[in-house]
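> Have a look; sequence and predicted model below, questions after that.
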Amino acid sequence: MWNDAIPSYSTFDPRSYTADNDLDALNSELFAISQLKTNPETNAPYEYYATDPTEPKYSFIDNGAEAASLNGTNADFGFEPAYIADDDLRVKYVYPGSPADVAGIKRGYQITSINGSTDLSSDDNTDLNYVINAVYYSTTITMVLLKPDETSITVTLNETNYTVNPVITYKTFNEGNGHIIGYIVFNSFTALSNAQPELDAAFNSFIANGVNELVVDLRYNSGGDGETAEYLDNLIVPAAKTNTLMYTKYYNSNLQNDVYPLLSKKYSLTKGEFLPQNNQIQFSKQLTLSLNRVFFIVTSETASSSELAINNLLPELNVQLIGNTTYGKPVGEIPIPINNYVLYSPQLYVENSVEKGDYYSGMEPGTVTYPGKLAADDITKEFGDTTEMLLSYALNYVKNSTYALKTPQVQGLAKEHTLSLSQSRAISLQLNRRKLKPMLFSKKVK
């Protein structure tokens, strides 16, 4: 995106970046490139991330696993962990049909032992790295988990290929007085061919049940296919917005001037295709759900295509955000295959129909720009549980036009030393270090 800051070869030698293996060497070089351009609003590089200043905020080199995941195939255990306190590790979510799902693991279960070890504290780097390696870099794992009824189960999971259903669950709540609320947990912007059937099933159910309010749970959705974000917006937007501007993609100056020696070796490109006037995306209403307002549940893991979907709708209807400040990624990428690897690095930024897109610091709920409620995540309750804090805020607002709960909800089974929002954000980044935050726009491969 910031190609004007890249120096000449005489002052920036890519071969000078070395490591024990090719991937680490490439990432070392990419980090140096990513920190060259400074954001005048923050006086720090655009890709500087204070929570982890040793990694680029956006750019990444992948070995191909991300491409498979975006196409709807994962090879893992099918769950992710999170801490709600320094000594309280929970299951954050479980993908339907995954090894974790088959074993009966549910969101909110407390993980008390991994491969025989009970030393799982987040405030001890050795313990934290142990958890990360066991969950993300192993092919088998044995865990003891405590259920909400305080009974325990022991499971052994093997890494398995499975098809990702990005819609973890959807439900309808009839809250009386004509308030019929649809709730959907959309966890990944997989390719549209994978996501559309699942989204259509959920939204057709909402239509059949007369839904007139919608809660879209993107709290752990770190992005993916930009086309799928557009489709989600077209399911939500009022029909009257069809054929009006959704958003514009602005590519870097080289691409706009048809200077793309690397991309032209990988993709079939046509002159002028990167100009802004050729990258104005229009709304095209899908299905018939009619809404005047939508609530998005978000956290610091809500990134990229998730933020794109939210930003596109802000000028078009009443958008409310509930949760923690989002990641902050208004830039997207065309993946570039290089031998055994794929380069993900921003080449474009996005603006909605009122030319708003500068959310590099994230979207903070409860502000003038992003109205709603700033609140911590509640990992102790299953998705769709009406006592889960973030969902309960949305339901309460629909019924009472306020986020103030008469009886505040509390997390169940939580120990002492509950993490602050900033601590939770930092640990979440550590746990999800290998998880990319893409906003991808595909081109025709040669």
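Alright, I've got the coordinates.

> OK, contacts around the most centrally placed residue in the chain?
Among the residues of the chain, the one closest to the centroid is S222, at 1.4 Å (C-alpha atoms, centre = their mean). Residues in contact with S222 (C-beta atoms under 8 Å, 6 or more residues apart in numbering) are S188, E301, T302, A303, S304, S306, Y327, N432, K435, L436, K437, P438. C-beta coordinates here come from the backbone N, C-alpha and C atoms, glycine included.

> Sort out which of the residues you listed are buried, if you could.
Buried members of these, counted by 16 or more other C-beta atoms under 10 Å: S188, E301, T302, A303, S304, S306, Y327, N432, K435, L436, K437, P438.

> Which helix or strand contains the residue nearest to the centre of the chain?
Using DSSP states H and E, S222 maps to neither a helix nor a strand.

> State the pLDDT value of it.
At S222, the model reports a pLDDT of 93.

> which SSE is V211 in?
Per DSSP H and E: V211 is located in neither a helix nor a strand.

> Next: the one 5 residues further on.
V216 is located in strand 213-217, with elements delineated by DSSP H and E.

> Of the buried ones among the contacts of S222, which is the nearest to E333?
Within the buried ones among the contacts of S222, proximity to E333 (C-beta to C-beta) peaks at P438, which comes in at 6.5 Å.

> List the contacts of the closest one.
By C-beta under 8 Å, 6+ apart, the contact set of P438 is E66, L70, S222, G223, G224, S304, S305, G332, E333, P335, Y344.

> For it, give its distance to I281.
Going from P438 to I281 by C-beta to C-beta, to the nearest Å gives 17 Å.

> Please apply the same query to G224.
Distance of G224 to I281, given as C-beta to C-beta: 16 Å.

> Between these two, which has more neighbouring residues?
Legend: neighbour count by other C-beta atoms under 10 Å for G224 and I281, higher for G224 (29 against 17).

> which residues in the stretch 251-400 of the chain form helices?
With DSSP state H, counting those that start in this stretch as the criterion, the stretch 251-400 of the chain has helices at 253-256, 263-266, 305-313, 389-400.

> In CSV, list the ones you listed along with distance to N352 and mean pLDDT.
CSV is the format used below for those (distance: least, C-beta to C-beta, whole Å; pLDDT from 0 to 100):
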stretch, distance to N352, mean pLDDT
helix 253-256, 20, 94
helix 263-266, 26, 91
helix 305-313, 5, 98
helix 389-400, 23, 96
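
> re earlier: include distance to N115 when you put the buried ones among the contacts of S222 into TSV, please.
Converted to TSV, these look like this (distance: C-beta to C-beta, whole Å):
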residue	distance to N115
S188	27
E301	25
T302	31
A303	30
S304	33
S306	33
Y327	31
N432	20
K435	22
L436	27
K437	29
P438	31
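
> D233: which of these is nearest?
Among the buried ones among the contacts of S222, S306 lies closest to D233 (C-beta to C-beta), at 11.4 Å.

> Go ahead and confirm L30 touches P56.
Yes - with contact defined as C-beta atoms under 8 Å, L30 counts as touching P56 (6.4 Å).

> which residues touch P315?
By C-beta under 8 Å, 6+ apart, the residues touching P315 are N352, S353, V354, K356.

> related to what we said a few turns ago, got the contacts of P438 as TSV, with distance to N257 columns?
Formatted as TSV, the contacts of P438 follow (distance: C-beta to C-beta, whole Å):
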residue	distance to N257
E66	29
L70	29
S222	32
G223	28
G224	29
S304	26
S305	27
G332	19
E333	19
P335	22
Y344	23
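
> Generate a PyMOL selection restricted to the buried subset of those residues.
To isolate the buried members of these in PyMOL, using 16+ other C-beta under 10 Å:
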select buried, resi 66+70+222+223+224+304+305+332+333+335+344
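
> Mind checking which of the contacts of P438 land in strands?
In strands, defined here by DSSP state E, the members of those are G224, G332, Y344.

> how far away is the last one from N254?
If I follow you right, that is Y344. 18 Å.

> The first one now?
Taking C-beta to C-beta as the measure, G224 and N254 are separated by 26 Å.

> Same question for the second one.
Between G332 and N254 the computed distance is 16 Å (C-beta to C-beta).

> what's the neighbour count on S193?
Residue neighbour count, defined by other C-beta under 10 Å, stands at 12 for S193.

> what secondary structure does it sit in?
helix (DSSP: H, G, I helix; E, B strand; the rest coil).

> likewise I141?
Following three-state DSSP, I141 is assigned to strand.

> so what's it bridging to?
I141 forms beta bridges with L157, as assigned by DSSP bridges.
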